[in-house]
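Engineer: coordinates for the following, if possible.
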Amino acid sequence: MRSFDISCALQVLQRLFPGSLIEQVSKLDKGLSNHNFYFELDAQPCLLKAFNGVVPETALNAQNTLAQQQISQAILCLDKVDNVAVLEFLTAVEAPICLEEQIPKLLSGIHSLSVEKSSLLNLKVAILEAASFLQHTGLGEYLIGELSVLPPDICFCHNDLVQGNVLNTPSGARIIDFEYAQYNDCFFDLAAICCSYQLNKKQRQALLERYFFYRRSLKPDHAIRKLDMFRGIYLLVSIAWYKQKNINTEMEILDKQFKSWCRQRNLVYAS
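Structural biologist: Below is the predicted model of the structure:
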C-alpha cells in the first residue's frame, strides 16, 4: 500500500481547497486497500480517501449518482493528481439493518443503474485465479461448470458488500465504498450479503423474495439454486483475496462457511 500520512493528507487538502478552513484531520482505522481520513472543511464533516492505485472514476461517479437516490454517500471531489477522493462523512447509528427490507431495496437501486463506461467483471477468470491461489483448481472448475448452466443476470454491481460497507445512518441505510463496482451477475452481490451476514436458509429465501419485488421482476425458478452456487463462488474468491493480503480474521470467518458449503456437496476443501 502507498505511503500516505496525515501530513500528506493536509497538503493535498490545502491544494484542493485553498482559502477554506481545514480542521480536525485524523486517520481512520478502516480501509483495507486505501487510506481514509476524517476532516472538517469549513466545519463540514468530510472523508478523504487516498487510493492505492488510480482513482476508480467510473465507479465513484456511479456512487455519486446513487447518493442522489439516498443509496450511497456523495462524492465532493475527485483528484487524479494525488489519486484521492473527498466524500461526505456519514455518521453511523447503533441500530440494526433490516436485512429483509433495507438491503434488497438498496441493492435493487444499484442494480438498476446504467453505467456506460463500466466494464464487465470476468467472473470465470476470477474464480480460476482464486482457486489456483488456494491450490484447489478442481473446486474452481466445478464452480465454473455450475455457473455455465445458470442463466446470467448482468447488471451494475457493488462487488464488495461486506458488513462494514453497509451503514445505518440517521437518514437511513447507505451502501459505501464503490471502488470495486462494475458489471457482474446480480447474484454475486446477493451472495455477498448472505455470507457477510451469515444468513440462514429462511433469511436467504426472504432476501430473494424482497429483492425481486423491488426489482419489479418475477423471482426466477432457479433463484434459490443460483444463490446457493454463488455463495460458493463468493466465498472462494473472497477467501483468496483476504489470504493474499494476510487478513486472517475475515478469512477465517469465510473459510468456516466455505468448509460447510463444500461438505454439503461432498466436495474436498482444506484451507
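Engineer: touching, residue 75 and residue 62? I think so.
Structural biologist: No. Contact criterion C-beta atoms under 8 Å: residue 75 and residue 62 do not qualify, at 9.8 Å. Heads up, the C-betas are built off the backbone N, CA and C, glycines and all.
Engineer: more crowded one of those two?
Structural biologist: Neighbour comparison, residue 75 and residue 62: the larger count goes to residue 62, with 25 against 20 (by other C-beta atoms under 10 Å).
Engineer: which one is the more buried one nearest to, not counting chain neighbours?
Structural biologist: Leaving aside its sequence neighbours, residue 62 sits nearest to residue 115 (C-beta to C-beta, 6 or more residues apart in numbering; 4.8 Å).
Engineer: what helix or strand is the one you found on?
Structural biologist: Using DSSP states H and E, residue 115 is not contained in any helix or strand.
Engineer: mind checking how far it is from residue 74?
Structural biologist: In this view, residue 115 and residue 74 are 17 Å apart by C-beta to C-beta, to the nearest Å.
Engineer: next: residue 45.
Structural biologist: 12 Å.
Engineer: okay, now the unreliable bits of the stretch 1-150 of the chain?
Structural biologist: For the stretch 1-150 of the chain, the stretches flagged by pLDDT under 70 are 1.
Engineer: can you give me the strands in it?
Structural biologist: Remark: strands assigned in the stretch 1-150 of the chain by DSSP state E, counting those that start in this stretch are 22-27, 34-41, 44-51, 75-79, 84-88.
Engineer: what pairs with the first one, parallel or antiparallel?
Structural biologist: This means strand 22-27. strand 34-41 (antiparallel) (DSSP bridges).
Engineer: and the partner strand, which residues are buried?
Structural biologist: 34, 35, 36, 37, 39, 41 (16 or more other C-beta atoms under 10 Å).
Engineer: try stretch 59-79
Structural biologist: 59-67, 71-73, 75-76, 78-79.
Engineer: isn't residue 242 up against residue 254?
Structural biologist: Yes. Residue 242 is within contact range of residue 254, at 7.1 Å (criterion: C-beta under 8 Å).
Engineer: looking at the two, which is more packed in?
Structural biologist: Taking neighbours as other C-beta under 10 Å, residue 242 and residue 254 compare with residue 254 leading, 24 against 19.
Engineer: what helix or strand is residue 199 on?
Structural biologist: Here residue 199 is assigned to no helix or strand, by DSSP H and E.
Engineer: where do the helices sit along the stretch 1-150 of the chain?
Structural biologist: 6-16, 57-67, 102-111, 123-133, 137-148 (DSSP state H, counting those that start in this stretch).
Engineer: dump these into a markdown table; add distance to residue 217 as well.
Structural biologist: Output for the helices of the stretch 1-150 of the chain, formatted as a markdown table (distance: least, C-beta to C-beta, whole Å):
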| stretch | distance to residue 217 |
| --- | --- |
| helix 6-16 | 42 |
| helix 57-67 | 20 |
| helix 102-111 | 9 |
| helix 123-133 | 21 |
| helix 137-148 | 21 |
